[in-house]
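> I would like the atomic coordinates for the input below:
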Amino acid sequence: MRNFRTEGIIIKRRNFNEADRIITVMTRDYGKIQIKAAGVRKITSRRAAHIELLNDTLLHLYQGNIFPILTEAKMIDDFVSIKTDFAKVGLAYHLCELIDGLCPENQENSSVFFLLQKTLRQLARQDLSYMPRFAVKEIDEYTLGTFGLGASDPSEAELARGDAILQDFEMTLLSELGYWNKKDAVARHFDTSDMIEDILERKLKSRSIFAKLQ
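Next up is the predicted model:
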């Protein structure tokens, strides 16, 4: 099959050659794949806006020798309410980092695609600004003062709601990928943080992203 299409969420990108990008996408039908978006860094490109990070996009592809090549793209959802909130962007980056680090390439897993889509939609609907509890721990008093975050900001209620979204995503992802049984994890009040970093054999970059916001 040389020509095919699929829905996917853009989780990573890097520049390639003078005008191209290599895009990492969690797709509905093919799992995590990398695609080549030729010419999208040109000012005249009509596809660039459709394949921004976090976009949920319908992708038309042609199977090249190394990467599938993007021929057409139509954005389904750009999650603009996430992209305009620093705290939500940080959490969304965390979700994408987990997907990129834990999911093998070219292995179909529609459950993980729908999990990411559902979680991004939940995050987009959050009315209150949210900073993950792990991120609060990473920030020193000077940084907290810089951003005007007092003892009650974020509130315990905000932390609880945000942490519930994050924890459910992490436990469900680990369960879908066969690392852990979600029901057992809930029953034992399982902390996913250490396990994820042990699997990846590195620290997660997103855990300190809030401390680096300028």
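
> which element, helix or strand, includes the closest residue to residue 174 other than its chain neighbours?
In space, and not counting its chain neighbours, residue 174 is closest to residue 180: 4.4 Å by Cβ to Cβ, 6 or more residues apart in numbering. Where C-beta positions appear, they are placed from N, C-alpha and C, glycine not excepted. Using DSSP states H and E, residue 180 falls within no helix or strand.

> surely residue 180 meets residue 172?
No - judged on Cβ atoms under 8 Å, residue 180 makes no contact with residue 172 at a distance of 9.9 Å.

> walk me through the domains of the chain.
3-77, 80-212 (automatic domain parsing).

> mean pLDDT and mean neighbour count added to those, as CSV?
Formatted as CSV, those follow (pLDDT from 0 to 100; neighbours: other Cβ atoms under 10 Å):
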stretch, mean pLDDT, mean neighbour count
domain 3-77, 94, 18
domain 80-212, 74, 16
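
> from residue 46, how far out is the residue nearest to residue 174?
If you measure residue 180 against residue 46 using Cβ to Cβ, to the nearest Å, the figure is 43 Å.

> swap in residue 204?
35 Å.

> okay, and the beta partners of residue 27?
residue 8, residue 31 (DSSP bridges).

> now do the contacts for it.
6, 7, 8, 33, 59, 113 (Cβ atoms under 8 Å, 6 or more residues apart in numbering).

> okay, strands next: where are they in this protein?
All strands of the chain, identified by DSSP state E, fall at 3-16, 20-27, 31-37, 56-63, 68-77.

> want to throw those strands into JSON lines with distance to residue 101?
Below are these laid out as JSON lines (distance: least, Cβ to Cβ, whole Å):
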{"stretch": "strand 3-16", "distance to residue 101": "10"}
{"stretch": "strand 20-27", "distance to residue 101": "11"}
{"stretch": "strand 31-37", "distance to residue 101": "10"}
{"stretch": "strand 56-63", "distance to residue 101": "20"}
{"stretch": "strand 68-77", "distance to residue 101": "21"}
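
> residue 125: which of these is closest?
Across the strands of the chain, residue 125 has its closest neighbour in strand 68-77 (12.1 Å, Cβ to Cβ).

> helices or strands up against the closest one?
strand 3-16, strand 31-37, strand 56-63 (3 or more Cβ pairs under 8 Å, 6 or more residues apart in numbering; DSSP states H and E).

> nothing else from me, thank you.
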